[in-house]
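**Q** Attaching a predicted model along with its sequence, questions to come.
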Amino acid sequence: MAERTLAGLRGIVLDEQVTFTLGELSHACGVRTELVVEMVDHGVIEPATSTDEWQFYGDSIVRAQRALRLVQDLELNWPGAALVLDLLDELDRLQKR
């Protein structure tokens, strides 16, 4: 993961094969690990592994950040945010066809 800053813009360059721990994901999103666990419980994001030590792919960071904005800005609950993100993903897949 490489962090870049350009003219006041901040972003993270993600490699799709790189995984992040629960702590790294929560740090990247600026939230407590308990909140990430809550997102997993409600189907907002899914761990890449099913072991006791969760690992997440880079797209989970983007999805979690989008979900956080939906919850904060539109006052959706976690299941509602998960549904909106799933619908947006489906729309994106259909547009690419």
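**A** Received it, and whenever you're ready, just let me know what you need. None of these values were measured; they are calculated from a predicted model.
**Q** Tell me, how many residues neighbour the closest residue to Thr49 other than its chain neighbours?
**A** Excluding its sequence neighbours, the residue lying closest to Thr49 (Cβ to Cβ, 6 or more residues apart in numbering) is Gln55, at 4.6 Å. All C-beta spots, glycine's among them, are computed from the backbone N, C-alpha and C. Neighbour count of Gln55, defined by other Cβ atoms under 10 Å: 17.
**Q** residues touching Gln55, list them.
**A** Applying Cβ atoms under 8 Å, 6 or more residues apart in numbering, we find Gln55 in contact with Thr19, Phe20, Thr21, Pro47, Ala48, Thr49.
**Q** quick one: terminal-to-terminal distance for stretch 48-66?
**A** One end of stretch 48-66 sits 19 Å from the other (Cα to Cα, to the nearest Å).
**Q** List the buried residues for it?
**A** Neighbour counts using 16 or more other Cβ atoms under 10 Å place Ala48, Trp54, Gln55, Phe56, Tyr57, Gly58, Ser60, Ile61, Val62, Arg63, Ala64 of stretch 48-66 among the buried residues.
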